[in-house]
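Asker: Curious how this folds, go ahead:
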Amino acid sequence: MKDFLSRGYRWLRRPRSRGQALTEFSVLLIALIFIGGGILSFAPDMFSAFTIYIRGFYLVLGYPMG
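Answerer: This next block holds a predicted model:
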């Protein structure tokens, strides 16, 4: 297991050309923006579904909804 971790660390610390580093950075940045956009577009729907679930839970228990 230790060898596996050290191989990954060596891969991260390997020398890169400027173009390769810029390409890796660009790909990671685009992936983060894409994931962030997905979260921002679906978060309101997930939050409303969770709110409906919680309201139904309290309704079953007999608590009044304000």
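Asker: With just CA atoms, put stretch 14-23 into PDB.
Answerer: What follows is stretch 14-23 as a C-alpha-only set of coordinates in PDB (Å, rounded to 0.1, in the frame of the first residue of the first chain):
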ATOM      1  CA  ARG A  14       6.700  14.700 -12.100                       C
ATOM      2  CA  PRO A  15       8.300  17.400 -14.200                       C
ATOM      3  CA  ARG A  16       6.000  19.000 -16.800                       C
ATOM      4  CA  SER A  17       6.400  21.300 -19.700                       C
ATOM      5  CA  ARG A  18       4.600  24.600 -19.600                       C
ATOM      6  CA  GLY A  19       2.200  23.500 -22.200                       C
ATOM      7  CA  GLN A  20       1.300  20.300 -20.400                       C
ATOM      8  CA  ALA A  21       0.800  22.100 -17.100                       C
ATOM      9  CA  LEU A  22      -1.400  24.700 -18.800                       C
ATOM     10  CA  THR A  23      -3.500  22.000 -20.400                       C
END
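Asker: For G62, give its distance to G8.
Answerer: As for G62, its distance to G8 is 54 Å (criterion: C-beta to C-beta, to the nearest Å). All C-beta spots, glycine's among them, are computed from the backbone N, C-alpha and C.
Asker: Could you check which of these two is surrounded by more residues?
Answerer: G8 (10 against 6; other C-beta atoms under 10 Å).
Asker: residues near Y63, how many?
Answerer: 10.
Asker: so which strand or helix has it?
Answerer: Per DSSP states H and E, Y63 falls between elements, in no helix or strand.
Asker: Quick check: it vs R13, distance?
Answerer: From Y63 to R13 the distance is 56 Å (C-beta to C-beta).
Asker: Quick check: longest helix in this protein by residues?
Answerer: helix 18-61 (DSSP state H).
Asker: what's the offset of that helix from the middle of its chain?
Answerer: 6 Å (C-alpha atoms, centre = their mean, to the nearest Å).
Asker: Let's verify R14: helix, strand, or coil?
Answerer: Following DSSP: H, G, I helix; E, B strand; the rest coil, we place R14 in the coil state.
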